[in-house]
Every structure is written in C-alpha cells, then in structure tokens.
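> build me a structure from this.
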Amino acid sequence: MKNFTTSALAILTFSIAVTGCASNTDREVSFGDDMLKSQDMISFEENHRIFNYKNARFEWDGKNCAVYRGEDKSGKTIDQPLRDINKEPICVKN
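Residues are numbered from 1 along each chain as shown. Prediction:
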C-alpha cells in the first residue's frame, strides 16, 4: 500500500506541475524595452511623414540597405534610403 500511495502522490504532484506550466502559456512576457522603436522604424515613419507614398513599405535594396519604398503621386515606385541617427544608411553588415 505504501508504494501505491507514494506513486499516486508522485503522479498527483507531476500533474499539478504540468498543469501549472501549461496554464501560463498565454501570458505575455515583456523584456522591458518593447515600447522602444528601432532606428529603422523611426526612419521609416519619418520618411512616410515627409513623402507619404502610396503602398509604402520597408524593403532592402541591392546593397542590403533598408529603404522606404512606395509609389509617388504619378504611380512611379521610388526608394528612399532609411538612415540612422548619424544620417548613415541602415545596412546589413556582413
């Protein structure tokens, strides 16, 4: 009977632990800086405020640099480079 009680207690403890872990999966975890915008997003918003192109989107050019791409009033697709706070292009460094 002692082995049965010990086994039942172990199974119950395990079940409670698993249930507790599973019930916390919907909880959002914050790392504390999730409200800060990245430099590329700040630059994109600034370009959008200035140019206000239709179908504006974030893209990468042939040099792996970030661009604000959209259509001007005539419908022509135009790229504007996204720049960091030092006004340097935001590019992927290899």
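> when you work out contacts or count neighbours from here on, use the C-alpha atoms and nothing else.
OK.
> number of residues surrounding residue 60?
17 (other C-alpha atoms under 10 Å).
> ok, now how distant is the closest residue to residue 69 other than its chain neighbours from residue 90?
Closest residue in space to residue 69, ignoring its immediate chain neighbours: residue 79 at 4.4 Å, by C-alpha to C-alpha, 6 or more residues apart in numbering. With distances taken as C-alpha to C-alpha, to the nearest Å, residue 79 is found 13 Å from residue 90.
> sorry, back to before: what's the burial count for the residue nearest to residue 69?
Counted with other C-alpha under 10 Å, residue 79 comes out at 19.
> how about it, secondary structure?
strand (DSSP: H, G, I helix; E, B strand; the rest coil).
> now residue 44
Under three-state DSSP, residue 44 comes out as helix.
> quick one: residues contacting it.
58, 67-68, 82 (C-alpha atoms under 8 Å, 6 or more residues apart in numbering).
> same thing with residue 83?
With C-alpha under 8 Å, 6+ apart, residue 83 has these contacts: 39-40, 43, 89-90.
> one more pass at 10 Å, please.
39-40, 42-44, 46-47, 65-67, 89-91 (C-alpha atoms under 10 Å, 6 or more residues apart in numbering).
> ChimeraX command for the buried members of these?
Applying 16 or more other C-alpha atoms under 10 Å to these, the buried members can be selected in ChimeraX as follows:
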select :40,42,43,44,47,65,66,67,89,90,91
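> which one of the contacts of residue 83 is nearest residue 73?
The nearest member of the contacts of residue 83 to residue 73, counting by C-alpha to C-alpha, is residue 47 at 15.2 Å.
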